[in-house]
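Undergrad: Sequence and predicted structure are below.
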Amino acid sequence: MQDGRDHWREDANCKGKPASIFFPDHRVLSDERWDIAKAICNDCAVWRDCLNMVLPFEDALDKWGMFGGLTPAERREMRHKKRKV
């Protein structure tokens, strides 16, 4: 939450952008589609809040979309590394 606003999502760079950027068609996943979303996330002031929202999910439930600048596969890898520690 920033500037007394109710929720961090109000400050997200993705707010108002087409969901298809962050949730590309799973049949046409390409690095280029993810790169567009990552570029938007890279400048986001609340990327950490976004990522923290989905990290507690089980891998099986976290299959879609870019959150906190990470793809589902990158988040799975992050969870697995944390479990090993």
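TA: Sure, I can see it. Residues are numbered from 1 along each chain as shown.
Undergrad: burial of the closest residue to Thr71 other than its chain neighbours, as a residue count?
TA: Spatial nearest neighbour of Thr71, chain neighbours left out: Trp34 (5.5 Å); criterion: C-beta to C-beta, 6 or more residues apart in numbering. (Glycine included, C-beta is placed from N, CA and C.) Close neighbours of Trp34, defined as other C-beta atoms under 10 Å, add up to 20.
Undergrad: repeat for His7
TA: 11.
Undergrad: Use 421 as the first number from now on
TA: In the new numbering, first residue 421, that becomes His427.
Undergrad: and the gap between it and Cys464?
TA: Distance, His427 to Cys464, by C-beta to C-beta, to the nearest Å: 14 Å.
Undergrad: returning to that earlier point: show me what the strand or helix carrying the residue nearest to Thr491 is in contact with.
TA: For Trp454, the host element (DSSP states H and E) is helix 451-462. Contact with helix 451-462 is made by Asn433, Cys434, Lys437, Ile441, Phe442, Pro444, Trp467, Cys470, Met486, Gly488, Gly489, Thr491, as judged by C-beta atoms under 8 Å, 6 or more residues apart in numbering.
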